[in-house]
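In: Using only what follows, build the 3D model:
(chains A and B)
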Amino acid sequence: MKKGVPFTVAVMVLCVLLVPLTAQSFGRWLAYWSHAVLSIIFALAAFLLKTRWFWEEE
Amino acid sequence: MAEAPPEITSALVLGVVAAITVFLAISVSLGFLMRKKAKNFEEWLIGHRDIGPAVTGFALIASYLSGWAMYGNAGLGYTFGWAGSWLIGTTSLMGIAICLIMGYRMRRYVRLGARTVPEMLKVRFESRGLQALAGLAMIILLIVYSVGQYKAMATVLTITTATQFHWSLIMTAVLVLVYVAIGGYTGTQWVSCFQGILLTVVGWTLGIASLIWAGGPAKIEELLKTQTFMPPGGSSTGIPLDSYLIQPSTIKDMAYPWVDWVGVTASILMFLLMATGFPHNIARFLGTRKISKREYWTMLLIAVVGGLTPLWIGVVGFAGRAVFGEVLLTDRYEPMYGDAVGALVSISAGGVPLAALFTAGVFAASVATLAGMALIMATNITRDLIHNLKPTLPPKSLLWLTRLMLIPFITIPLWWALTATPPVLSVFMAGSAVAQAGIFFFVVGVSMYWRRATKWGAVSSIIYGLTLTVLHPNAYGQYVGLYHWGFWALLLILGSAAAYFLISLLTKPISKEKLEKFFPKTAS
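Out: Model (predicted):
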């Protein structure tokens, strides 16, 4: 396994798990916009996986 | 004390008509410019495979942001408060990012002759039968999806021009026909890119304007606390709208994702998979050129800005509920109900200019999407079924047949919307979205990366997914005890995945020689 991949995947999984947890714990606006922040972190991690460790040259 | 929704003025009607005309003119001009470049049916489908990251990114945003995200989200926020967030798609960006990463491999199949998503499956599994089945599944699911688009545009027309709702639906169908007839659907990627930019600008502008109009976030939060859940056309339940869950008071209420955490989990899973599962989304990559690492990050930036648009439309719904109260859920607003809130807030918050801009946005999200979907369905018939059976048919005849097939695919969802208008358009469209996520994420998306996938795995996933679609809690599910949206959605998505993986592993693998062209050694 390439170094850094497990950590990045763990961050992505954590972002998904935190979505219902923030809704339950904070509710209202804080949960609403925290979902957006979690989604941005998830997207950044996914793009990092693609461009750094799984890039496909044609 | 709740404020009364705004009245319609002649200036507003004029502004709306002008906005639609300007939008049509820009789309048609772009379509006309690009049409000149397409020499045949194939070029018309995929262009010259020279589309860069910015156009691909915005085109993906445009195809993702349909009448659901651009209009229905406001209805969700209005009707269900914070709980509506589970279908507003606060995590949309996660799914869009997955789609941007997985979808790029579509280019490999274009090189091997694929021009549509079902054709990609024909190439991957060397099966015309699978191509036809996937085309058929797409038609069924896109018809359902189109009904919601009709409601979105017709509601805006009714609210802004005081036209009766059924006439607004017919006007929407006419607008789709006009849009198609004058060539708004050609030069797809470029027109979609323009629409993606427009939708993003409109969503952010209206969201921020509505936040200010309603007195700010704290005021909205405070007023939402005083509101209670009332089903469209029903009576108040006394259940406060202050939570991300709404306890069901009747068995019919189980057909929503927010009744418990099982439903919430299912909705999060749906948003993770559906951007890739939507065939009209992944088709955006058919015309994409080779993209560098740096350009990939440009696409992410566009995805972040565009992917937050649904949240802003949700904000419009919260603001509308805080200011107008529950009036839109009464019979006075039948059959639009809470879905009317987007147009009403745009008028109240920004007057004619914002209402006109918003109408153009909804037009882009629903009418242009409807035209695009009708085109995909027509192409499914001509290219994936007729051409499949009779490959010698000349391209010119195929093009004419495609145009002819647009008529039934514009009128079938129109008839559905006229005779059985869904009370909350996004809840209705989510039914189709679950099926598209459950079926096509695996059959199309995973098949591009998983060598061991087989034709029979894909076929069983499609058949299982379609069967479960019919068993939606609001369709036939109630007759077999399937009342719970969350369990239904999980059964569909996880069941389709299980069918795909298990049957693939149990059936004969594709030979290494054949797999070589899909998974060349130079690529990972």
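
In: Helix or strand next in line after the helix of greatest length in chain B, which one?
Out: Of all segments of type helix in chain B, defined using DSSP state H, the longest is helix B:128-161. Next in sequence after helix B:128-161, counting helices and strands by DSSP states H and E, comes helix B:165-181.

In: quick revisit: show me what counts as buried in the longest helix of chain B.
Out: B:128, B:130-139, B:141-161 (16 or more other Cβ atoms under 10 Å in any protein chain shown). In short, each C-beta sits where N, CA and C put it, glycine included.

In: which parts of chain B sit against chain A?
Out: Counting by Cβ under 8 Å from any Cβ of the partner chain, the positions of chain B adjacent to chain A are B:82, B:85, B:90-94, B:96-98, B:100-101, B:104-105, B:217, B:221, B:224, B:242-244, B:261, B:264-265, B:268, B:272, B:290, B:293, B:296-297, B:300, B:303-304, B:307-308, B:311, B:314, B:522-524.

In: got a list of what the most centrally placed residue in chain A touches?
Out: Centroid check for chain A by Cα atoms, centre = their mean gives A:Phe42 as the closest residue, at 2.2 Å. If you count contacts by Cβ atoms under 8 Å, 6 or more residues apart in numbering or on different chains, A:Phe42 has them with A:11-12, A:15-16, B:91, B:93-94, B:97.

In: And B:Gly113, how far from B:Leu130?
Out: 15 Å (Cβ to Cβ, to the nearest Å).

In: for B:Ser92, that is, sorry about that
Out: Distance from B:Ser92 to B:Leu130, by Cβ to Cβ: 29 Å.

In: Kindly report the residues of chain A close to chain B.
Out: So far as Cβ under 8 Å from any Cβ goes, chain A lies against chain B at A:15-16, A:19-20, A:23-24, A:27-29, A:31-33, A:35-36, A:38-40, A:42-44, A:46-47, A:49-51, A:54-58.

In: Which ones among the residues you listed lie within helices?
Out: A:15-16, A:19-20, A:23-24, A:28-29, A:31-33, A:35-36, A:38-40, A:42-44, A:46-47.

In: Of those residues, select the buried ones using a PyMOL command.
Out: This is the PyMOL syntax for the buried subset of these, where burial follows 16+ other Cβ under 10 Å:
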select buried, chain A and resi 15+16+19+20+23+28+29+31+32+33+35+36+38+39+40+42+43+44+46+47
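
In: just to revisit the earlier point, got the angle for the longest helix of chain B vs helix B:165-181?
Out: Taking axes from the mean of the first three to the mean of the last three Cα atoms, to 10 degrees, one finds that helix B:128-161 is oriented at 120 degrees with respect to helix B:165-181.

In: what comes up buried for stretch A:42-58?
Out: For stretch A:42-58, by 16+ other Cβ under 10 Å, it's A:42-51.

In: what's stretch B:349-364 in contact with?
Out: Counting by Cβ under 8 Å, 6+ apart, B:9, B:11-12, B:14-16, B:18-20, B:22-23, B:27, B:62, B:67, B:70-71, B:152-153, B:156, B:160, B:175, B:195, B:198-199, B:202-203, B:205-206, B:209-210, B:212-213, B:319, B:342-343, B:346-347 sit against stretch B:349-364.

In: What's the ChimeraX syntax to select whichever of these are buried?
Out: This is how ChimeraX selects the buried members of the contacts of stretch B:349-364, with burial counted by 16+ other Cβ under 10 Å:
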select /B:12,15,16,19,20,23,27,62,67,70,71,152,153,156,160,175,195,198,199,202,203,205,206,209,210,213,319,342,343,346,347
